[in-house]
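> okay, here's the prediction I keep looking at, along with the sequence it came from:
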Amino acid sequence: MDESDKPPKLEPSSSTPPSQNDTLAPPVTGKENGTSPTRDGYRLDVHDAFTPDPGTEDMYIVKDNKFAFSPGQLSRLFNPKSYDAFYALGGLAGLEKGLRTNRDSGLSVDETILDGVVPFEEVAPKGTPKYGANGDTEPVFNASKDPNPDAPPPPSLQSGNAFIDRRRAFLENRLPEKKSKTLLQLAWITYNDKVLILLTFAAIISLALGLYTALRPLSEEEKLHEAGAARLDWVEGVAIIAAIVLVVVVGTLNDWQMERQFNRLNQKHNDRTVKVVRSGKSAEISVFDVLVGDIMHLGAGDLVPVDGVFITGHGVKCDESSATGESDLLKKTPADEVFAALQEIAKGGKPGSIEKMDPFIISGSKVNEGTGTFMVTAVGVNSSYGRITMAMHTEQGDTPLQKKLNRLADSIAWLGGGAALLLFIVLLIKFLAGLSTNPGTPAQKGQEFLTHFITAVTVVVVAVPEGLPLAVTLALAFATTRMMKDNNLVRVLKACETMGNATTVCSDKTGTLTQNKMTVVATTIGKFKSFGGTDEMLEEPSDASEKPDKKVMAKVENVPLAEFVKSLGESTKQLIIQSNAVNSTAFEGEVDGEKSFVGSKTEVALLTLCRDHLGAAPVQEERSNANVVQVLPFDSAVKYMATVVKLPNGKFRAYAKGASEILLAQCTKVISDASGDEPEVVDLTADDQEMFSQTITSYAGQTLRTIGSSYRDFDVWPPPELEGEDELTAAQFNKVHKDMTLVAIFGIKDPLRPTVKDAIKDCQRAGVFVRMVTGDNLLTGRAIAKECGIYTPETGGIAMEGPVFRRKSDEELKELVPHLQVLARSSPEDKRILVRILKELGETVAVTGDGTNDAPALKMADIGFAMGIAGTEVAKEAAAIILMDDNFASIVKGISWGRAVNDAVKKFLQFQLTVNITAVILTFVSAVSSGKGESVLKAVQLLWVNLIMDTFAALALATDPPAPSVLDRKPDRKSAPLITTRMWKMIFGQAVCQLAITFTLYFGGHQLLGYGYDEYSQTSLSTLVFNTFVWLQIFNEINNRRLDNKLNIFEGITKNYWFLGINLVMIGGQVLIIFVGGKTFQIHPLNGKEWGMSIGLGAISLPWGACIRKFPDRWFEAMIPDITLPPWVTFWKKKKPAKPVEGEEGDVEAPVVGKRPDESSSDDDDSISPPLRSWTSLRGERARRHIHRGFKEYMHDQKVKAKNKAKVVAPGSKTHLPAAPGSSSGPKATTVTEAKP
């Protein structure tokens, strides 16, 4: 049995006996032997066809229903696929009448409120109970049992008054939106952080002690000592609480804004257009506007968004594996044929081949082959698979960069925590040692102890880099939103990061490099006449013997278009029209308000020629006048399509259309005279073959796409060669694809996009190798590739045809592919092989695709780009990014934004590590050296610094748009470290500068600047240090706008309004704090001299940064040889150093370090959901919720740990190391031999 003939999964027959008056054949009940009937003895039973499933009773209740059926009854067609329900609904005719639609003209565009009611009994077979086992009694729905949290959305008002009753009864093709978290929920997640909670408790205790101290009565001695002084010991507690509130509010608003941005992206991703028939005309509408009763077109590559019943078509096969788990392709049978067979069974006939018939179109399935139409029976929440296919409500895991940063943040946090613990221990020892001589009251001593504790906790707050994951999330949110404006719709978040380091792009030609605005500019009708195609060739064949001879081509007279059309006889015109209109899937519609054709651009060009110059009637009329017998849709493997029609004389004619050289090879006859009543046909000689081959070569050399058209007449269909074949496939048609008559060779011009040459240059400047993969012949491909700058034979570039390419061994391909620039006449399998070889060579591969068969290559590539205009839905589902304008220049913009994301994170990382090192060391040293154990930076001051360096700096640095210079460098290797040598040079250089300045002020302020030792002078000096420290960070933030060693740190600064605005906020906040902070921040206002000193010293960061950039990187590497391997990278667990793994290109890659053996990751999440900030294991729910590891994963981890403990590796045995981060070979393990001790 053929795979496609495998029967659908069917609903078991009911055990409910029929009524006495039932006119249908009595059903098999299975009561006699206590078993249900087998399908071998299938007999019809309608008495249980509409019995509601528990919890679905509400689907059967529709108030004032103008239709014969309810959503519940229609849903029984797919619960699972049920012949019984299909028959009980009256088949296609019953559905047509009951849903008040028309199988030919579809719904009326003027439908609003419907008059009258169609009774159920009028369309259903006699004796069919309306509600199955409930008879004709409407089921009762108990809402308290099933509150249904995912209630269907109410009918939208966007459509105005159109289809009011239909939308009310059957709802719209929309799913309930995923509930976004409220601001309060986001605030709780932000606050639910162990360190912030600990700090809150400490602040509350400090506030309580401060209030106690301030409110208790003073002794006489205390009154004399504190005469006139304000009692403000409670201010620090209030200030810390206020700072915590500010941190939570800012973080909450950031998360809320990002969630909104990602929700908007998801809505854009879910929306697409589909083709339906309304008022007798085909039209493209939003998938959200599809309604029950619509007549929808099916075509190869479509992803079916709704449930329905197949009306008619040619060779439609669906892949329902994602919807039903059925792995075989299922061939669809017209509903009328199935209903006729069921009627025979109802009359007592044998089941026959009913099991092979499948009229059910199920949502979520993919159309692999064929074309046709179906009637929609369920949409939105009522469709069987709509929830999954229409909206992805799953959480997306962290991207690779986020995972790296989370591990780095964990390590830094533990180091910061260790420093804080050490600081607290030192301060505690000092406090306890001085307790006996401390003159303070118990409350004051408690307050002093709390001050030490709060200082230590605040060090943890500063050290923990919660801004790291925030920076990457902000950068991704900002980039994906801006990329949408640049016509890149990001479906898989990690593609944003990966795109920046793409090393090669395999691009389609049509529509990506060219405009996809095709026009027929040259045509040769047999040996009769031709027009156009006389331009000079841009590319000549590599073999001189194949060069076109103008004398040979002159055998066919070349005339102007008007004369060419005038010379054609009516029968020849009709032959050309039929071969293009009937043998086509395009249809008439409106494009940008003008009447045009919708479909393949090649077919649109041919139909336009027929309409404008050959006097063709409307396409639908031409197709209606033709008696189409069978259709072979276009197959990229054989490069042609075919249609068989029955002629008025009783004979049959097969029209073929496709790649000209392939069709020419199958022709033995040709039209010699097209001017008479009937075209004159003669044998095709060897000279004729040579002439047409040269015509094809000449057209291709002028960058024209060449399309051939041929036909063959048959006395009967199917012919003897195809006897017994149920359907027409490429393999079967090849048996009769011979002895064809050549009608014409068309030359179609598709001009290059104006931006493509510059885009190719940008790619080459950025170190990205561009390859063109096209289905056109080699000469056309080479000519266009040379025109746009891809093909450069003078530098060793190679152009090759697919059939030659795929026959080579992997070893040969690995030598060949680095030089391959054009792959012509390629199949989707060739593209997949090319992607695989490139990845094995260590490349980061981006690939474009538009067809269903491109899906494997799109999925295999590191970044798959699907065409938003010409792409099939299957291709879009497989891709990571959708090019909304199908333009190659948009890919270059994607590369720029990918690099901007990676750069933004590295800029912030460089900035934050500098602040971390400086703040922790400054706080630690000043607190330990102080007699009172007080840090020069107080707790509330550190919280302000933390807000600056985390949230504000992340917003400022993560929103830098890509500068033009971002394409001036080569892409990073997959094994490149997160923190480069150049970054470490800047981090340590700036940290040394900042510590030198702040220590000089703090320890030398008394001698150098004349500050006294009284409390006021000490506070003034501490204020100067604090102000200088903040200004150092503000200027260093500007310095960190560049990662390379170039000096222009202001490049593009005026274009980033976020950066300018946030820096103004930081400066304004700092000025406000210094002037009015007072007791709250434990500071005094500074005078003009001190302000000038603070800003001047802070500005030293800029010239010092220039000096660091001029310091050679290799000198810095020599000074600190292990700089590329930070000590915390192996923080998780000390292990024996593994032998390095040699990369594909000779680079030595270290194994994944810093990753637990039990860690696993998934890179296949498709939906976009905002991964809100996550940080260290010291943090709370806001971090854990982004690890995305549930109970099942936890148990798996425990098992792996147990196995690892139990496993003893013998000396000399083989050990598997995980692949290096981002390695192109994916999860493949690399085997090394452990050295013997």
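Sure, I can see it. Numbers count the residues shown, from 1 in each chain.
> please make it C-alpha for all contacts and neighbour counts, starting now.
Will do.
> tell me the mean pLDDT over stretch 357-373?
Computed over stretch 357-373, the mean pLDDT rounds to 87.
> neighbours around Val892, how many?
By other C-alpha atoms under 10 Å, the residues close to Val892 number 24.
> for it, phi and psi?
Main-chain torsions, Val892, degrees, to the nearest 10: phi -60, psi -40.
> just confirm Thr741 is within a strand.
Yes: applying DSSP: H, G, I helix; E, B strand; the rest coil, one finds Thr741 inside a strand.
> so what's it up against?
Thr741 is in contact with 667-671, 681, 710-712, counting by C-alpha atoms under 8 Å, 6 or more residues apart in numbering.
> what is it paired to in the beta sheet?
Lys669, Tyr711 (DSSP bridges).
> gap between it and Val670?
5 Å (C-alpha to C-alpha, to the nearest Å).
> what is in contact with the two at once?
Val681.
> so Val619 makes contact with Gly589?
No: contact between Val619 and Gly589 fails when scored by C-alpha atoms under 8 Å: they sit 10.5 Å apart.
> hey, where'd the strands end up in the stretch 351-500 of the chain?
Secondary structure of the stretch 351-500 of the chain, counting by DSSP state E, counting those that start in this stretch: strands at 360-361, 366-378, 488-490.
> for Ile1067, give its distance to Ser827.
Using C-alpha to C-alpha, Ile1067 is found at 60 Å from Ser827.
> now the helices for the stretch 101-250 of the chain?
Remark: helices assigned in the stretch 101-250 of the chain by DSSP state H, counting those that start in this stretch are 120-123, 164-170, 183-191, 194-215, 220-225, 235-270.
> if you average pLDDT over each of the ones you listed, which is lowest?
The minimum mean pLDDT among the helices of the stretch 101-250 of the chain belongs to helix 220-225 (a mean of 56).
> okay, Ile1067 and Ser827: which has more neighbours?
Ser827 (23 against 15).
> which of the three states applies to Asp972?
What three-state DSSP gives for Asp972 is coil.
> give me the pLDDT value at it.
Looking at Asp972, its pLDDT reads 84.
> just Asp508 next, same as before
Reported pLDDT for Asp508: 86.
> how close does it get to Val238?
63 Å.
> please name the bridge partners of Ser507.
Beta-bridge partners of Ser507, as defined by DSSP bridges: Met772.
> so who does the residue nearest to Thr703 when sequence neighbours are not counted touch?
In space, and not counting its chain neighbours, Thr703 is closest to Thr780: 5.0 Å by C-alpha to C-alpha, 6 or more residues apart in numbering. Taking C-alpha under 8 Å, 6+ apart, we find Thr780 in contact with 539, 699-705.
> report the two of those separated the most.
Pairwise distances among these were taken by C-alpha to C-alpha; the largest, 13.7 Å, belongs to Glu539 and Arg705.
> next one: the helix or strand where the residue nearest to Thr703 lies to chain centre, how far?
Assigned by DSSP states H and E, Thr780 belongs to helix 778-788. Taking C-alpha atoms, centre = their mean, to the nearest Å, one finds the center of helix 778-788 at 31 Å from the center of the full chain.
> repeat for stretch 1087-1095
51 Å.
> which residues are contacting that stretch?
Contact with stretch 1087-1095 is made by 1024-1025, 1027-1028, 1031-1032, as judged by C-alpha under 8 Å, 6+ apart.
> for the residue positioned nearest the centre of the chain, give its distance to Phe1050.
Nearest to the mean C-alpha position of the chain, by C-alpha atoms, centre = their mean, lies Arg491 at 1.5 Å. As judged by C-alpha to C-alpha, Arg491 and Phe1050 stand 33 Å apart.
> quick one: which helix or strand includes Leu978?
For Leu978, there is no host helix or strand (DSSP H and E).
> and Val426, how far from Val925?
11 Å.
> got the phi/psi numbers for the spatially closest residue to Ala879 that is not a sequence neighbour?
Distances taken as C-alpha to C-alpha, 6+ apart put Gly864 closest to Ala879, at 4.5 Å, once the chain neighbours are dropped. Phi and psi for Gly864, reported as degrees, to the nearest 10, are phi -100, psi 130.
> right, and Gly864 touches Ala846 too?
Yes: judged on C-alpha under 8 Å, Gly864 makes contact with Ala846 at a distance of 5.8 Å.
> helix, strand, or coil at the closest residue to Leu1032 other than its chain neighbours?
Spatial nearest neighbour of Leu1032, excluding adjacent residues (C-alpha to C-alpha, 6+ apart): Gly1098 at 4.0 Å. At Gly1098 the chain is in helix, as set by three-state DSSP.
> the chain should start at 185 in everything you say after this.
Sure, I'll start numbering at 185, so the last one becomes Gly1282.
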